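J.: turn this into a structure:
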Amino acid sequence: MCCEQVWHSEDQCTGAPQPTRTSMIQERVGLRLYVLLLFSCLIGGSDAAQANPIEVVTTTADLASLAQEVGGNQVHVSYLADGYEDPHYVQRDPFFLLKLRHADLLILIGLQLESTWLEDQFQFVAQSGNPRIQYGASGSLDVSRYADIADIPNQVSRAQGIHPLGNPHYWLDPENGRRISQAIATKLTEIRPDCASYFEQRFQAFTLRLTESEKVWDQKMRPYRGRRVITYHRAWTNFLMYFGLVSSGEIEPLPGIPPSAHHTNDLIRTMKRDDIRLIVVEPYFELTTPGRIARATGSHVLILWPSVGSNKQVTDYFKLLDCNVDLLVQAFSSF
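T.: Have a look, this model is predicted:
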């Protein structure tokens with residue numbers, strides 16, 4: 001185990017026998033080993049620190065990116081849902097069971113985002129036979145408990161669509177990225193307390209980098225604060241609020257409910273009345289309806305990337321936000 005103290009040499013002034021040449025060599029070797037183990041978590045340079053990484057499985061690539069940021073070489077991270085998939089309807093894969101069976105920690109988005117493909121019918125977590133990651137166990141982390149959740153309904157009901165507990169796309173808010181990472185660092189420390197300083201150092205480095213990135217993003221988006229947009233799915237509430245943009249509705253009448261002609265016509269009237277010029281769509285949605293609305297209103301359709309891995313250039317959490325900010329700035333500046 002990393003950071004473990006190996007031994008302490010005995011004081012020679014206590015009357016103990018004088019050390020032999022062999023024991024002195026052993027002492028020096030032991031001290032060197034002690035120093036290496038002591039700093040293995042802090043500098044990540046010891047093979048001992050990397051010999052037994054914490055096996056982390058996340059449900060999404062976004063969580064995997066954040067877990068890697070704070071876990072460093074103390075974790076081996078894999079994920080279940082690819083970034084180009086609609087996270088509500090992920091292609092089920094029997095290899096999920098293999099990943100979950102060997103996990104020390106399972107990190108979930110929660111708010112029932114994963115329910116239809118992880119639990120409802122397939123019970124992958126239960127079938128894994130891994131007691132560490134069952135719901136409520138020490139190796140299960142639902143990070144929605146630490147995030148700022150938008151669109152929380154007054155009554156929990158599937159009649160409200162596929163967001164019955166609130167908006168589960170909260171990771172698109174950089175402040176929630178910070179909160180999620182803090183929760184992951186805390187959980188990793190619980191699993192490996194002798195590396196607490198290492199995880200804290202990694203989290204502080206991440207949050208410092210995030211703070212600097214936020215300054216850049218805010219400066220780029222400042223001229224467009226107050227702009228109104230339409231989105232296809234109610235995925236961007238946290239993101240829009242963070243950057244001071246206003247959502248004037250969605251193409252889906254409710255999250256996960258296909259657009260109807262009546263709702264589409266109402267949306268067209270709203271966009272004409274309020275001079276809304278931008279429709280945001282995720283890459284896995286059809287473009288027929290957004291295209292029809294754009295032609296009727298003189299607006300633009302913009303594909304934004306909802307997750308790490310949804311585009312080959314979006315390889316981590318920072319690039320996800322970098323890319324979306326730049327796409328919005330380019331779109332807004334064109335009209």
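
J.: per-residue confidence for Glu27?
T.: Per-residue pLDDT puts Glu27 at 44.

J.: then Val156?
T.: Predicted confidence (pLDDT) for Val156: 78.

J.: quick check: it touching Leu165?
T.: Yes - between Val156 and Leu165 there is a contact under C-beta atoms under 8 Å: 6.3 Å. For the C-beta atoms, the positions are set from N, CA and C on the backbone; glycine is no exception.

J.: more neighbours, these two?
T.: Remark: of Val156 and Leu165, Leu165 carries more neighbours, 16 against 12, as counted by other C-beta atoms under 10 Å.

J.: who's in contact with that one?
T.: Leu165 is in contact with Leu111, Gln112, Ile149, Ile152, Pro153, Val156, counting by C-beta atoms under 8 Å, 6 or more residues apart in numbering.

J.: pLDDT below threshold where in the stretch 1-150 of the chain?
T.: 1-51 (pLDDT under 70).

J.: which residue ranges form the strands in it?
T.: Secondary structure of the stretch 1-150 of the chain (DSSP state E, counting those that start in this stretch): strands located at 54-60, 75-81, 105-108, 140-142.

J.: among these, which comes closest to Val229?
T.: strand 54-60 (23.7 Å; C-beta to C-beta).

J.: now do that closest one and strand 75-81, the angle between them.
T.: Angle, strand 54-60 to strand 75-81, by axes from the mean of the first three to the mean of the last three C-alpha atoms, to 10 degrees: 20 degrees.

J.: could you say what helices and strands strand 54-60 packs with?
T.: helix 61-71, strand 75-81, strand 105-108 (3 or more C-beta pairs under 8 Å, 6 or more residues apart in numbering; DSSP states H and E).

J.: turn those into TSV, columns for distance to Lys220 and mean neighbour count.
T.: Formatted as TSV, those follow (distance: least, C-beta to C-beta, whole Å; neighbours: other C-beta atoms under 10 Å):
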stretch	distance to Lys220	mean neighbour count
helix 61-71	21	26
strand 75-81	29	22
strand 105-108	30	26
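
J.: just put these in TSV and tack on distance to Gly291.
T.: Shown next, in TSV, are those (distance: least, C-beta to C-beta, whole Å):
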stretch	distance to Gly291
helix 61-71	28
strand 75-81	27
strand 105-108	35
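
J.: so which of those gets nearest Thr186?
T.: helix 61-71 (9.5 Å).

J.: can you show me the CA trace of that closest one as PDB?
T.: Provided in PDB are the C-alpha atoms of helix 61-71 (Å, rounded to 0.1, in the frame of the first residue of the first chain):
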ATOM      1  CA  ALA A  61     -17.100   9.400 -20.500                       C
ATOM      2  CA  ASP A  62     -17.600  12.800 -18.800                       C
ATOM      3  CA  LEU A  63     -17.300  11.300 -15.300                       C
ATOM      4  CA  ALA A  64     -14.300   9.200 -16.500                       C
ATOM      5  CA  SER A  65     -12.500  12.300 -17.600                       C
ATOM      6  CA  LEU A  66     -13.100  14.000 -14.200                       C
ATOM      7  CA  ALA A  67     -12.200  10.800 -12.300                       C
ATOM      8  CA  GLN A  68      -8.900  10.600 -14.200                       C
ATOM      9  CA  GLU A  69      -8.100  14.200 -13.400                       C
ATOM     10  CA  VAL A  70      -8.300  13.700  -9.700                       C
ATOM     11  CA  GLY A  71      -7.200  10.100  -9.500                       C
END
